[in-house]
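S.K.: Here is my input, please return the structure:
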Amino acid sequence: MGSATDTEERIAELAQDVASWRGWDLLRLKIRRAPVPWDMSEIASGFLSGRESVLDAGCGNGQLLRSLSRGLRRGIGIDISKERVQYAR
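M.R.: I've put the predicted structure just below:
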């Protein structure tokens, strides 16, 4: 079994063979489906007292955190796409 360093070196070798990833731009994506029968902002706000810190993993453009911002002490959004995080800021 290799060490953690061996694994990191192997990942670095594999990464050299992969093109630079630039993230997904889902703004142009058109999905035709019925809307979900719930409002996530409404559901989440029912659990907030104004003293919570919330982590939104996969925040995209930050729309959910923005809608909850008045009911949060602190909101942190993370996303795999740097572009979406920049947009959210």
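S.K.: From now on I want contacts and neighbour counts done on CA atoms only, so please keep to that.
M.R.: Fine.
S.K.: Next, work out how far apart residue 40 and residue 83 are.
M.R.: Taking C-alpha to C-alpha, to the nearest Å as the measure, residue 40 falls 23 Å from residue 83.
S.K.: These two: which has the busier surroundings?
M.R.: Comparing residue 40 with residue 83 by other C-alpha atoms under 10 Å, the one with more neighbours is residue 83, at 16 against 13.
S.K.: What strand or helix carries the more buried one?
M.R.: Element membership for residue 83 (DSSP states H and E) is helix 82-88.
S.K.: and that helix, which residues are buried?
M.R.: Within helix 82-88, the residues scored as buried using 16 or more other C-alpha atoms under 10 Å are 83, 84, 85, 88.
S.K.: Run the chain-centre distance for the helix ranked longest in the chain.
M.R.: If you go by DSSP state H, the chain has its longest helix at helix 4-16. Centre-to-centre, helix 4-16 and its host chain are 26 Å apart (C-alpha atoms, centre = their mean, to the nearest Å).
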